[in-house]
Structure formats: structure tokens, C-alpha cells
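Novice: quick one, structure for this:
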Amino acid sequence: MRIVVLGGAGKMGAIAVEDLVVNPRVDEVILADMDMDGANAIAAYLDSPKLTVTRSDLNDHDALVALLEPADACVNATVYYTNLKVMEACLEARTHYTDLGGLFHGTLKQLELSDRFAEAGISAVLGMGSAPGAPNILARYAADRLDTIDAIKIYDGVKPPPPGTMKFTYAAPTIIDELTQQPMVYRDGEFIACEPMAEFEDVQFTGSLGILPMHLSLHSEVATLPVSFADKGVRECFFKINYWGMDKGIVEKVRVLADFGFDSPDPISVRGVEVSPRDFTIEMMADFVPSAYDMLTAPENEPGDWAKEIVSDVTGTVDGRPVRYRMGVLTLKGALPTGTLPARAATWMAAGKVAPGVHPPELAFDPEPFLKELEERGIETRISVTTSL
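Specialist: Reported below is the predicted structural model:
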């Protein structure tokens, strides 16, 4: 089994590469990136004979297709707005595809490629990270056991960093978009745009995470779950997170920049030079995003010093009685689920376990065996069921 990881020198891509090289079902892993220094540092750290490093430019379509053609599956761990471009290359190469999410609107466009993927005899699973990804599969677990569904509420809880920490938790472009674009929620049969960071509520998480303040954020789960389980009568679905796992202060600073237009993609003329404020802002933030190598090797990634729980809270009925499923995927080491889930998804697709076409996670995988496989990597699933007598 041969798997290509695009963006394998990035924070989440590096985790996918690490998971694939320790997976006995995988024979070869191709770490493809433009950052050769970062890629070689990760390869040296992992020190696996399975791993090959290659330079890849997603703007070179023919070269990308040539890279993908010998592969059984592709993990696209680059920023989400490359998804359609990479999917087109996978179609031409006839290579299975998975990614970390399309930030709602991108996901809807990707789903339109389903017939073409089915005709090519290959599969694509969209949004297979910690979130989206894990909460979709958890919601499927509950949906399989409920007669009706009233609400699917998703909470992504991350242990906050020490106050004053000037650090981004993942790709700055994605965080800026999640921070500034209107979150979509599903209520009473329609999708509704809300204000960024609206509808705060305190939510109890497992163990040391405790109670965290959660707010709305634009995310892909909301784009698919109400549609996938429409026959269950879903009336509400939303996604909430606690400041994207960052210090509240850095989030407020970015919001101020956005208020002044520094998130605008439209070029402006600065002393005769055309500059996109958004591109400039992202470049200035680069030093505040830890490298993938530093993340893999940092002591704070040891169990106990970092925690994350992704929760799907699903309410509905069974035989007319109200039932609530509270399901959480918990890890005490690093951003492990975000890279591990797409890596495992790629191996399932390469093994022919996913039907041709483009699918959201909740329709692609049988929850129990997939969640059981995650336990091998220290990612636990905890489920509680509440009902009336």
C-alpha cells in the first residue's frame, strides 16, 4: 500500500506521515511538500525505510498527477482552498482522496464531484481530521441507534495555553477564515449564517479540561450531518470551539486586524506595489506558527500536558422516549486526531473499504471498527447514554 501525503511537512501532515509509517498495512509513504528543509527534518526524526521525501508544487498539475498515479491514496494536508485542485488531479490519476475539511462552503463544492469519482471507480472522504472527522463518525454512531434526531451539537474542546501565549494552533489562513467568516448553523430545516464567535456557552469536558467557554465557528460538519440524517428529522446542528485552542488575547488581536481590513484578499496599492492585506498578514504571522518538527518533538506533546476532546452531543428518541448520546474522542497527546484520522481513512480507502464517489465521514466508515482502530494511537472514545425511565 502506497500513500502520498501532500503538505506532509506541515503540522497536521507530519502527524499523518508519522501514523502511516508505523502502520504495518502501509508499505510506502511519500512525504510531498515545497518545504524541503522541514520535510527532511521530519524524515530524519521518523527515520523510517518506508518514507520518501519529494518536492511537490500543487500549481504544477501534470507533475502532481504523475506523483499521484502510482499511489493507492492521497492525504491532502494542505490548506483547505487547494482541495478542489487536488481532487481534480486525483480524478486524472485515479487515486483515492481524503482531506482535513473544506470549511463548509468548500465542502459543498467538493460533494458535486461525487458522480465523477464514482465513474472513475475511486472514493473521496471529505473532512477527515479531528474536527471535522471524528464528530461526524460519533454522530453516525448515535444516529444508528436513534429513531429520530432532534439536535447534533458538536463541541471541540482544547486545553487553553498559558495566558499571553502568542501561538497559532494550526494554519494561520484557516484560523483567520474561521475567525472572520460567518458560521453556518442548521435550524428548523434551513441553514442560517450567524455572527463570528456568537452564542457563547460553558461546556463541561472530561478530566483536566473542565468547563470551557465555547462559541460558534464555521465548519464542515454542519454542511453534511443534517443532510445525511435528514430521514431522522434533524432540527438543529452546530459546531463550537474555545478560541481555536489559542489564548483569548491573540484571538482578540486578530479580530482587531480584521476590523481594519487586514483580512481582505483584495490587493491594494502600497507605494506602487500591489499587495493583498490577507497575504501580508499571514506572512507576518508565520513566526507564530510552530513548525511540524518542533511540534512532533516538543515536550509539551507528552501525555498529561496537553488535552483535547471532540464531543458530539446528539439528542433524539427511541420508541418515543427521549435519549441523549454524549460521545467524546479524547487525546492527551498533541493534535493527534487531526493527522491520524485522515491517515487511517486513506488506508481504508486503499483497501477498498469505501464505495466509489465523494462522501462525508459519517457515510463512509462503520463507526465501531474505525474508532476501535484509533485506540492503537492513544485516541480514546467515551460514550454515555441518558434516557428517561
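Novice: next, count neighbours for residue 46.
Specialist: Look at residue 46: counted by other C-beta atoms under 10 Å, it has 18 neighbours. For every residue, glycine as well, the C-beta is placed using N, CA and C.
Novice: just checking, it touches residue 21?
Specialist: Yes: if you go by C-beta atoms under 8 Å, residue 46 and residue 21 touch, sitting 5.7 Å apart.
Novice: low-scoring stretches of this structure, by residue?
Specialist: Where the chain drops to pLDDT under 70, the residues are 295, 297-306, 333-335.
Novice: for it, which helix is longest?
Specialist: In the chain, taking DSSP state H as the definition, the longest helix is helix 336-350.
Novice: now for that helix, which elements pack on it?
Specialist: Where contact means 3 or more C-beta pairs under 8 Å, 6 or more residues apart in numbering; DSSP states H and E, helix 336-350 is packed against strand 2-6, helix 11-22, strand 73-76, strand 96-99, strand 123-125, helix 367-374.
Novice: partner strands of the helix or strand just after that helix, parallel or antiparallel?
Specialist: Downstream of helix 336-350, the next assigned helix or strand under DSSP states H and E is strand 357-359. Here strand 357-359 has these sheet partners by DSSP bridges: strand 123-125 (parallel).
Novice: outline the domain layout of the chain.
Specialist: Annotated domains of the chain cover 2-130+336-373, 134-333 [automatic domain parsing].
Novice: return the distance of the first one from the chain's centre.
Specialist: Per C-alpha atoms, centre = their mean, to the nearest Å, the displacement of domain 2-130+336-373 from the mean C-alpha position of its chain is 12 Å.
Novice: same question, the longest one
Specialist: In terms of C-alpha atoms, centre = their mean, the gap separating the centre of domain 134-333 from the centre of its chain is 10 Å.
Novice: what ranges do the helices span in the stretch 51-200 of the chain?
Specialist: 61-68, 83-93, 105-111, 114-120, 134-143, 172-180 (DSSP state H, counting those that start in this stretch).
Novice: tell me which of the ones you listed sits most buried.
Specialist: helix 134-143 (a mean of 27; mean count of other C-beta atoms under 10 Å).
Novice: for that helix, packing partners?
Specialist: With contacts defined as 3+ C-beta pairs under 8 Å, 6+ apart, helix 134-143 has these neighbours: strand 148-158, helix 221-228, strand 308-318, strand 321-331, helix 361-364, helix 367-374.
Novice: so what touches that helix?
Specialist: Residues from elsewhere that reach helix 134-143, judged by C-beta atoms under 8 Å, 6 or more residues apart in numbering: 127, 149, 152, 154, 156, 221, 224-225, 228-229, 232, 239, 310-312, 314, 316, 325, 327-329, 337, 341, 360-363, 365, 367-368, 370-371, 381, 383.
Novice: dump the residue contacts of residue 237.
Specialist: So residue 237 contacts 151, 152, 153, 154, 185, 186, 221, 222, 225, 226 (C-beta under 8 Å, 6+ apart).
Novice: any idea what the third one is bridged to?
Specialist: To tie it back to what came earlier, the one meant is residue 153. Judged by DSSP bridges, the bridge partners of residue 153 are residue 238, residue 313.
Novice: the one 4 residues further on now?
Specialist: Beta bridges link residue 157 to residue 309, judged by DSSP bridges.
Novice: my guess is residue 219 meets residue 105, correct?
Specialist: No: Residue 219 is beyond contact range of residue 105, at 10.9 Å (criterion: C-beta under 8 Å).
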